[in-house]
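A.B. asks: please work out how this folds:
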Amino acid sequence: MKKKTYEDQYEIVFQVEEKFGRSKFGLMSNESWNQDPKRLVFTLSRYKFVAKMISGSESVLEVGCADAFGTRIVQQEVNNLTAIDIDPIFINDSNDRMSKHWPFDCYVHDMLAGPTTKKFDAAYSLDVLEHISSSNEDLFLSNIVASLNKNGVLLIGMPSLESQAYASPQSKIGHVNCKSGPDLKNLLKKYFYNVFLFSMNDEVVHTGFSPMANYLLCVCAGIKKL
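C.D. replies: Next up, the predicted model:
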């Protein structure tokens, strides 16, 4: 017996299910959805901000994509997207779930080992820099910059240093290099002439007082010659 919704406009749900099937969470998004569902909202909001900042870009690189669950939000706004991560477990998970309707390149790469072979018009890295030791942060950022075209832009997002008083024990294990807003901006000014700092609390991005932000987002443009 054919399924039918109470209102006709919702019949599309069956059409989409038939065409695309049922989507699966990634490893990390599944953990969030089951342990702390609202955290998934915050994560996807960061991807939405990135997507709108670089909308229309021809080629985009995501550095540290993890399970790449939110990557499609950026993919929707750009022409070509490549996602990389150091961990093959997450890359395999992403490629196993790859939709033929939303394909993108996704492979293992350690940005501390060197830049990508291809250059991109834009790059972004969310929730990664805080996992890079301060002794390696310049190598990490310089290799990202070397992966950009001469007019490329970069977006960096990370939890604020001030937020760590409220971070979970699980988060604190990997967060070895959180920064305050001014410190993050000053670091990125070594590589770009223009760095625009935004604060974020939950899913809201704003220009408020950065010491009260849970999360920091920087938009960088104008690559300096190092």
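
A.B. asks: can you list contacts of the one helix or strand residue 82 maps to?
C.D. replies: In this assignment (DSSP states H and E), residue 82 forms part of strand 80-85. By CB atoms under 8 Å, 6 or more residues apart in numbering, the list of residues contacting strand 80-85 from outside reads 58-66, 68, 71, 74-75, 91, 94, 104-109, 111, 116, 118, 120. Just so you know, the C-beta spots here come from the backbone N, C-alpha and C atoms, and that holds for glycine as well.

A.B. asks: same thing but 6 Å
C.D. replies: Identification of contacts with strand 80-85 by CB atoms under 6 Å, 6 or more residues apart in numbering yields 59-62, 64-65, 68, 71, 75, 91, 104-106, 109.

A.B. asks: the helix or strand just after it - contacts with which helices or strands?
C.D. replies: Using DSSP H and E, the helix or strand that follows strand 80-85 towards the C-terminus is helix 88-96. Contacts defined by 3 or more CB pairs under 6 Å, 6 or more residues apart in numbering; DSSP states H and E place helix 88-96 against strand 105-108.

A.B. asks: picking that back up, how about the contacts of strand 80-85, which pair is most distant?
C.D. replies: The span of those, defined through CB to CB, is set by 59 and 91 at 19.2 Å.

A.B. asks: ok, the two, which is more surrounded?
C.D. replies: residue 91 (21 against 18; other CB atoms under 10 Å).

A.B. asks: OK, contacts around the more buried one?
C.D. replies: Counting by CB under 6 Å, 6+ apart, residue 91 has contacts 85, 106, 108.

A.B. asks: returning to that earlier point: show me which of the contacts of strand 80-85 are buried.
C.D. replies: Listed as buried from the contacts of strand 80-85 are 59-62, 64-65, 68, 71, 75, 91, 104, 106, 109; burial here means 16 or more other CB atoms under 10 Å.

A.B. asks: number of nearby residues for residue 2?
C.D. replies: When neighbours are counted by other CB under 10 Å, residue 2 registers 5.

A.B. asks: next one: residue 88
C.D. replies: By the criterion of other CB under 10 Å, residue 88 has 11 neighbours.

A.B. asks: now it: how far from residue 27?
C.D. replies: Using CB to CB, to the nearest Å, residue 88 is found at 12 Å from residue 27.

A.B. asks: now do stretch 212-226: everything it contacts.
C.D. replies: Applying CB under 6 Å, 6+ apart, the external contacts of stretch 212-226 come out as 53, 145, 153-160, 163, 181, 184, 188, 191-201.
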